[in-house]
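K.L.:
3D model of this:
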Amino acid sequence: MSAPTLRLTVVGCSGSYPGPESPASCYLLEAEHDDGSGPRTWRVVVDLGSGALGALQRYADPLAIDAVLISHLHADHCLDMCGYHVLRRYHPSGKQPLLPVHGPVGTADRLARGYDLEPDPGMREEFDFHVWDAPVQVGPFHVVPIPVDHPVEAFGMRISVGDVTLGYSGDTGPCAGLDAVAEGVDLFLAEASFRTGDHNPPHLHLTGTDCGEAAARGQVGRLVLTHVPPWFDPADALAEATAVFDGPIELASAGAVYEL
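P.N.:
As a prediction, the model looks like this:
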């Protein structure tokens, strides 16, 4: 068997707010790569939601991250960027290089407001902000942002290293973008915030059934359900998805590692 190409660590997977067992959304991706200056481990963080910065330090040095990829600007996906700003600005090792941050339109201003900073410079002395408008390359990671259906501008992502691809739904209702994220991926990380049969508002989140059906249509290699709010039993989402998708399925948990 060949060596793993991409390593995913679930830093936080609680939906909408931190739960007793997990911070809100945050995922660490790692891969080996030589950009011409020698081989090393490259690391990107996908979302940095409420409570995630503390847990991230269990798995990686926050000063060794190569980029942050933000799916959308709700607090449970981005607000710990405020603490990350403090860490990078005032760390006793000295001034840190600008860290690339890719996110929706208005990311820089949203985060400045979150820490009560003036918009100019806001956090631009710590982070190099880029708006999602095309695929990006960060070391070995090829990232394709795909618009999805949520009350604010939001993106799912297809993240590839070599011939291995991870699909991340972000937060979304069922939509064509979700299917594009899921199509043929090795691992589909899909949010299951709602339960089938409840009165669920449209254009907001997925049920376990929605996740399983998208996985089946996309013929994904593995489905990992995430972003279940603490007020629900995650077993309900798992049962719903299992009823409509016959491939490997599991629930995300803080600290879980997947090697692809």
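K.L.:
Please enumerate the helices of the stretch 151-260 of the chain.
P.N.:
176-182, 208-218, 234-244 (DSSP state H, counting those that start in this stretch).
K.L.:
Just the CA atoms of the last one, as PDB, please.
P.N.:
What follows is helix 234-244, C-alpha atoms only, in PDB (Å, rounded to 0.1, in the frame of the first residue of the first chain):
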ATOM      1  CA  PRO A 234     -25.500  12.400  16.300                       C
ATOM      2  CA  ALA A 235     -26.700   8.800  16.100                       C
ATOM      3  CA  ASP A 236     -29.900  10.100  14.400                       C
ATOM      4  CA  ALA A 237     -27.900  11.700  11.600                       C
ATOM      5  CA  LEU A 238     -25.900   8.500  11.200                       C
ATOM      6  CA  ALA A 239     -29.000   6.400  11.000                       C
ATOM      7  CA  GLU A 240     -30.500   8.700   8.300                       C
ATOM      8  CA  ALA A 241     -27.400   8.600   6.200                       C
ATOM      9  CA  THR A 242     -27.000   4.900   6.500                       C
ATOM     10  CA  ALA A 243     -30.500   4.300   5.200                       C
ATOM     11  CA  VAL A 244     -29.700   5.900   1.800                       C
END
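K.L.:
Helix 208-218 and that helix, what's the angle between them?
P.N.:
40 degrees (axes from the mean of the first three to the mean of the last three Cα atoms, to 10 degrees).
K.L.:
what packs against helix 234-244?
P.N.:
Packing partners of helix 234-244 (3 or more Cβ pairs under 8 Å, 6 or more residues apart in numbering; DSSP states H and E): helix 208-218, strand 223-226, strand 249-251. In short, each C-beta sits where N, CA and C put it, glycine included.
K.L.:
which residues sit against that helix?
P.N.:
Where contact means Cβ atoms under 8 Å, 6 or more residues apart in numbering, the residues beyond helix 234-244 that reach it are 192, 195-196, 207-209, 211-213, 215-216, 223, 225, 228, 249-251.
K.L.:
Give me the buried positions along it.
P.N.:
234, 236-241 (16 or more other Cβ atoms under 10 Å).
K.L.:
With the first one instead?
P.N.:
Going by neighbour count (16+ other Cβ under 10 Å), the buried part of helix 176-182 is 177-178, 180-182.
K.L.:
Which of the helices and strands packed on helix 234-244 sits closest to Ala31?
P.N.:
For Ala31, the closest of the helices and strands packed on helix 234-244 is strand 223-226, at 18.1 Å, according to Cβ to Cβ.
K.L.:
C-alpha coordinates for the closest one, PDB please?
P.N.:
Only the C-alpha atoms of strand 223-226 are listed here, as PDB (Å, rounded to 0.1, in the frame of the first residue of the first chain):
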ATOM      1  CA  LEU A 223     -18.900   9.800   4.100                       C
ATOM      2  CA  VAL A 224     -18.000  11.600   7.400                       C
ATOM      3  CA  LEU A 225     -20.900  13.500   9.000                       C
ATOM      4  CA  THR A 226     -20.000  16.600  10.900                       C
END
